[in-house]
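Asker: Sequence first, then the predicted structure, then my questions.
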Amino acid sequence: MRKIVSLSVFLLLSICLQGQNLTLQDIHIRDPFILVDNNTYYMYASSSVGDAGGVAVYTSKDLKNWTEKTQVMTLPEGNWSRGHVWAPEVHKYKDGYYLFATINEMTKWKMSREGWPDYIYRGTQIFRSDSPTGPFTATSDMPQTPIDYMALDGTLYVEDNQPYMVFCHEWVQIVDGTVEYVRLDKDLAEAIGSPVRMFNGSACCVAEPGESYVTDGCFMYRTRTGKLLMIWASFGPDGYAECVAESLTGKISGPWRQQSEPLFKKDGGHAMIFTDLDGNLRLVLHSPNGGGMERARLFTLEDTGDSLRIVDPD
């Protein structure tokens, strides 16, 4: 009898531990974003509940072993849209945690040109919580990007105590996609003024002549020498790629120039940068870019002062 009880306890513990020991290879994810807080890594991912879009988080202490996901936000009734969520990011700002989520309107407003994706409105909306594990509630029931844009991948950037959202304007709507920014109020609830264009997708160092140019996954980074960079994703001859742009003035207003070499060029992108618990600069992106095989991949970065370099490429 004692052996049976011991075996039952062992099996129960094994089941519990199994849920706490996922690796990155076990987690299908696009557009991974990792927040470091409370000596913990929080990796956010899209996670629908029924017909409503939402966001979940995986946590880790070592970037190797991850917990099962926990739902942190589900789009509420009455929101401007309850469609699929893309590219969730969580930023610690002032006294809270702010989730930036790209939401896709479920109604097809127009048809795109032949062979292109369906034209639907999408925009980035901001949510707030007192904890990185939520629950997150909307700062406004509308997106902070213009409602008539196909806008996506909004990220937070703060300059001289002024918060901004930097985001991408879809190629499906404007052919040559753009990266733009808009000022936000102090509560990250409302956009102030009109968006400002920073550059077009055709400027990417790996861009090839074609009928459209993608802009995805913008993320801001200031180097150890004070240079302001942006990493962002587009497509080149080897597939999805990570480009690097630099502000010639060190300000968000630019002008912006593309660096001549991509940071990553072979079928991976939509990256972000963080410092791990050991003080190392890290890059996370998803690769490959399709086929249901997308996984988060981690690299160590070197900040050269003028740019960024992957230290441990494949």
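Answerer: Alright, I've got the coordinates. What you see is a predicted model; the values in this text were computed from it and never measured.
Asker: Distance of V36 relative to Y121?
Answerer: As judged by CB to CB, to the nearest Å, V36 and Y121 stand 33 Å apart. In short, each C-beta sits where N, CA and C put it, glycine included.
Asker: ok, the two, which is more surrounded?
Answerer: Y121 (25 against 16; other CB atoms under 10 Å).
Asker: now the more buried one, nearest residue through space, not along the chain?
Answerer: Excluding its sequence neighbours, the residue lying closest to Y121 (CB to CB, 6 or more residues apart in numbering) is E105, at 4.3 Å.
Asker: okay, now that neighbour: neighbour count?
Answerer: If you count neighbours by other CB under 10 Å, E105 ends up with 18.
Asker: who are the neighbours in contact with it?
Answerer: Contact analysis of E105 by CB atoms under 8 Å, 6 or more residues apart in numbering lists 80-81, 83, 120-122.
Asker: Is it correct that W66 is in contact with L24?
Answerer: Yes: at 7.1 Å, W66 counts as touching L24 under the criterion of CB atoms under 8 Å.
Asker: Among these two, which residue is more densely surrounded?
Answerer: Applying other CB under 10 Å to W66 and L24 shows that W66 carries more neighbours, namely 22 against 19.
Asker: do you know how far the more buried one is from Y44?
Answerer: As judged by CB to CB, W66 and Y44 stand 12 Å apart.
Asker: ditto for Y98
Answerer: Distance, Y98 to Y44, using CB to CB: 12 Å.
Asker: and the nearest residue to W116 once chain neighbours are set aside, what element?
Answerer: Counting by CB to CB, 6+ apart, W116 lies nearest to V172, which is 5.8 Å off, once chain neighbours are set aside. Using DSSP states H and E, V172 maps to helix 171-174.
Asker: next one: the next helix or strand after that helix to chain centre, how far?
Answerer: The helix or strand immediately downstream of helix 171-174 is strand 178-184, counting by DSSP H and E. Relative to the centre of its chain, strand 178-184 is centred 15 Å away, using CA atoms, centre = their mean, to the nearest Å.
Asker: got the contact list for I103?
Answerer: By CB under 8 Å, 6+ apart, the residues touching I103 are 53, 75, 79-86, 122-125, 143.
Asker: Return the subset of the residues you listed lying in strands.
Answerer: 85-86, 122-125 (DSSP state E).
Asker: Show me how to select, in ChimeraX, the buried members of those residues.
Answerer: Buried members of the ones in strands among the contacts of I103, defined by 16 or more other CB atoms under 10 Å, are picked up in ChimeraX with:
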select :85,86,122,123,124,125
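Asker: mind checking how far A207 is from I27?
Answerer: For A207, the distance to I27 (CB to CB) stands at 31 Å.
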